[in-house]
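Enquirer: Fold the following, please.
(2 chains)
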Amino acid sequence: MERGRISTRQAAVLIFLVVVGESILLYPTVLANIAKQDAWIAAFLGLPFGMGQIWIYYRLLLKHPGKTLLEIIEATLGKWGGTLLSVWYLFFFYVTTSALIRETGDFLATQYFTNTPLRAIHMLLIALLLWGIYCGLEVIARTAEILFPLLLLSTLIIWLCLLPQVKAENLLPVFEGGSLPLIHAIMVVVSYPFGQAVVISMILPFVNRQPHLGRDIILSAAMGGALIGMMLLFSLLVLGSFNTESTIYTSYVLAQKINIGNFLQRIEAMLTGAWLISSFFKSVLYSYATALGTAQLFKLKEFRPLIFPIGMILFGLSVLFAPSIQYYLFTFDPYWTLWDLTNGLVLPTLLLLWPARLINRASG
Amino acid sequence: MNTMQVLSSLLTSVVIAMIHLPSLVRKKLRKEAAVFVLLLAVGTWLFLEGLALADNLSPLYLIKWLYEPISQWVGRLLPTWGG
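Expert: Below is the predicted model of the structure:
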């Protein structure tokens, strides 16, 4: 179905971008809401768990070489159970893709294109996504390789320019809320940037087999986690915990604060560029997984004819997705955490631990 | 939803079907064509609801309903849980 093959380096870049994703903008708000000024500790304590999750996806690939997540599910659980769980995962892919489109659309419609209707922005984003998945995985991976240094460069410049405004006392008092908020925040770290990285098990089978694939993807995911963790740390250091949790697009406000000698100002567009790159690649991989998964569920030979109907579904879902940004970012947050934990950690672990003799019985 | 929205979503799906369906039928890819029509039907409906800005069809309500018991249980353990 997918004839393209990508290299280990491209896979590592894609995984980095998936982990960074739209989190670079929303992650500080979500975590600071839970753990206040200790949120950065949770962000870094969560990294080993996140790396463990990527290791689980890699082990799944080793256990079922050449199979995507939905094929692994089918091979493990047999026809009926496999179809049921595949539909569950496809629902997750559809909803997450529309969530990513909606998050991008909401941000652009409130901060940049204030007079443009949200649906027009969604239409353009979806056209771009459909074009991406029509071109195939190789093109997506190569584009990611080109744009990835740009993301690193703009984040580095923003961090450097923020250094004069850092106030270390913003992090005090440490451990004010005790350990329970930290545990909650670590759950969010495991579920939200890393749990949603489950989409990589839809593309890992198309990576050329090289001995250090596992090490590379785990390290690059950890670097992605470290990047958003640093973003959170800078938000706390510059804005303080109250402003970090009460602003929706914290990193964006953070970049607006940059002012060096009343000359270097308003470089938040660089952050927007970085954020658009990472969230575009996350959403294009999610929509790719959606299209590929739909075709695999029905055992089709080709997924490209389905792209336009899927685009229509995504357009509808991205508008219907949630009544407001308040709903999907704060009211729905606990359920979102549990849902991502189920799909990103619990189910892959169960699939990995499923005894081999049951697999043979189910598929034989 | 008004007539304009219904017409535009129907028109979009007819155009998409006219582009892709003939080649699928010609290549005798029956299953592909069936799935295509199914997805297009769902797509037309959701596209229409999206154009009409329906606000009671969120897929998140289903997830919320499904995870409500476990969320309440976790909420008793973690004071910051919310929900």
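Enquirer: Please make it C-alpha for all contacts and neighbour counts, starting now.
Expert: Will do.
Enquirer: now the helices: where do they sit in the stretch 151-300 of chain A?
Expert: A:179-189, A:213-246, A:250-256, A:268-297 (DSSP state H, counting those that start in this stretch).
Enquirer: outside of the first one, which residues touch it?
Expert: Outside helix A:179-189, the residues that touch it by C-alpha atoms under 8 Å, 6 or more residues apart in numbering or on different chains are A:31, A:34-35, A:38-39, A:41-43, A:45-47, A:50, A:337, B:78-81.
Enquirer: Format the CA atom coordinates belonging to that helix as CSV.
Expert: Extracted in CSV, the C-alpha atoms of helix A:179-189 (Å, rounded to 0.1, in the frame of the first residue of the first chain):
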residue,chain,number,x,y,z
SER,A,179,3.8,15.3,45.5
LEU,A,180,0.2,14.7,44.3
PRO,A,181,0.1,17.6,41.7
LEU,A,182,3.5,16.4,40.5
ILE,A,183,2.2,12.8,40.0
HIS,A,184,-0.8,14.3,38.1
ALA,A,185,1.5,16.4,36.0
ILE,A,186,3.7,13.4,35.1
MET,A,187,0.6,11.6,34.0
VAL,A,188,-0.2,14.4,31.7
VAL,A,189,3.4,14.4,30.3
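Enquirer: Low-confidence ranges, the chain, go.
Expert: Picking chain A for this. Counting by pLDDT under 70, chain A has low-confidence residues at A:356-364.
Enquirer: hmm, I had chain B in mind actually
Expert: B:83.
Enquirer: which residues in it form strands?
Expert: Under the criterion DSSP state E, chain B carries no strands.
Enquirer: Also chain A?
Expert: A:259-260, A:264-265.
Enquirer: Ranking those by mean neighbour count, which comes first?
Expert: Among the strands of chain A, ranked by average contacts under mean count of other C-alpha atoms under 10 Å in any protein chain shown, first place goes to strand A:259-260 (a mean of 14).
Enquirer: and for that one, what are the contacting residues?
Expert: A:161, A:265-266.
Enquirer: Next, the buried residues of stretch A:200-216.
Expert: The neighbour-count check on stretch A:200-216 (16 or more other C-alpha atoms under 10 Å in any protein chain shown) flags A:200-207, A:213-214, A:216 as buried.
Enquirer: Over to stretch A:323-332?
Expert: Residues of stretch A:323-332 classed as buried by neighbour count (16+ other C-alpha under 10 Å): A:323, A:325, A:328-329, A:332.
Enquirer: Among those, which ones lie close to chain B?
Expert: Among these, proximity to chain B is found for A:323, A:332 (C-alpha under 8 Å from any C-alpha of the partner chain).
Enquirer: Which one of the buried residues of stretch A:323-332 is nearest to chain B?
Expert: A:P323 (5.7 Å; C-alpha to the nearest C-alpha).
Enquirer: what's the closest one in contact with, if anything?
Expert: B:55-56, B:58.
Enquirer: just A:G132 next, same as before
Expert: A:G132 touches A:139-140, A:284, counting by C-alpha under 8 Å, 6+ apart.
Enquirer: What parts of chain A come near chain B?
Expert: A:34, A:95, A:119, A:180-181, A:184, A:298, A:300-302, A:305-306, A:308-323, A:331-335, A:338-339.
Enquirer: Those residues in helices, which ones?
Expert: Judged by DSSP state H, those include A:34, A:95, A:119, A:180-181, A:184, A:308-320, A:333-335, A:338-339 as members of helices.
Enquirer: rewinding a little: would CSV of the buried residues of stretch A:323-332 with distance to A:Y134 be doable?
Expert: Listed next are the buried residues of stretch A:323-332 as CSV, based on distance: C-alpha to C-alpha, whole Å:
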residue, distance to A:Y134
A:P323, 31
A:I325, 30
A:Y328, 29
A:L329, 31
A:F332, 33
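Enquirer: Count the neighbours of the nearest residue to A:L17 once chain neighbours are set aside for me.
Expert: Leaving aside its sequence neighbours, A:L17 sits nearest to A:S278 (C-alpha to C-alpha, 6 or more residues apart in numbering or on different chains; 5.1 Å). A count of nearby residues for A:S278, using other C-alpha atoms under 10 Å in any protein chain shown, gives 26.
Enquirer: doesn't A:V18 make contact with A:S278?
Expert: Yes: between A:S278 and A:V18 there is a contact under C-alpha atoms under 8 Å: 7.0 Å.
Enquirer: dump the residue contacts of the nearest residue to A:L329 once chain neighbours are set aside.
Expert: Nearest non-adjacent residue to A:L329, counting by C-alpha to C-alpha, 6+ apart: A:V30, 7.6 Å away. With contacts defined as C-alpha under 8 Å, 6+ apart, A:V30 is in contact with A:245, A:329-330.
Enquirer: let's see 10 Å
Expert: A:23, A:36, A:39, A:185, A:188-189, A:192, A:232, A:244-248, A:250, A:329-330, A:333 (C-alpha atoms under 10 Å, 6 or more residues apart in numbering or on different chains).
Enquirer: next one: B:L40
Expert: A:306, A:308-313, B:13-14, B:16-17, B:34, B:46-47.
Enquirer: Kindly provide the distance from it to A:P205.
Expert: Look at B:L40 and A:P205: by C-alpha to C-alpha, to the nearest Å, they are 29 Å apart.
Enquirer: Same check on A:L180?
Expert: 39 Å.
Enquirer: what's the closest non-adjacent residue to the residue nearest the centre of chain B?
Expert: What sits nearest the mean C-alpha location of chain B, by C-alpha atoms, centre = their mean, is B:L46, with 4.7 Å. Distances taken as C-alpha to C-alpha, 6+ apart put A:G316 closest to B:L46, at 4.5 Å, once the chain neighbours are dropped.
Enquirer: Thought B:G50 was touching that neighbour, still the case?
Expert: Yes: the pair A:G316 / B:G50 is scored as a contact, 4.3 Å apart, by C-alpha atoms under 10 Å.
Enquirer: what do the two both touch?
Expert: Common neighbours of A:G316 and B:G50 (C-alpha under 10 Å, 6+ apart) are A:119, B:44.
Enquirer: follow-up on the earlier one: derive a ChimeraX selection command for the buried subset of the residues of chain A next to chain B.
Expert: Buried subset of the residues of chain A next to chain B, written as a ChimeraX selection, criterion 16+ other C-alpha under 10 Å:
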select /A:34,95,119,180,181,184,300,305,306,308,309,310,311,312,313,314,315,316,317,318,319,320,321,322,323,332,333,334,335,338,339
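Enquirer: quick revisit: tell me the contacts of the residue nearest to A:L17?
Expert: By C-alpha under 10 Å, 6+ apart, the contact set of A:S278 is A:14, A:16-24, A:144, A:147-148, A:151, A:272, A:284.
Enquirer: on that earlier part again, which of the contacts of A:G132 ranks first by neighbour count?
Expert: Neighbour-wise, the contacts of A:G132 (other C-alpha under 10 Å) top out at A:V284, 26 neighbours.
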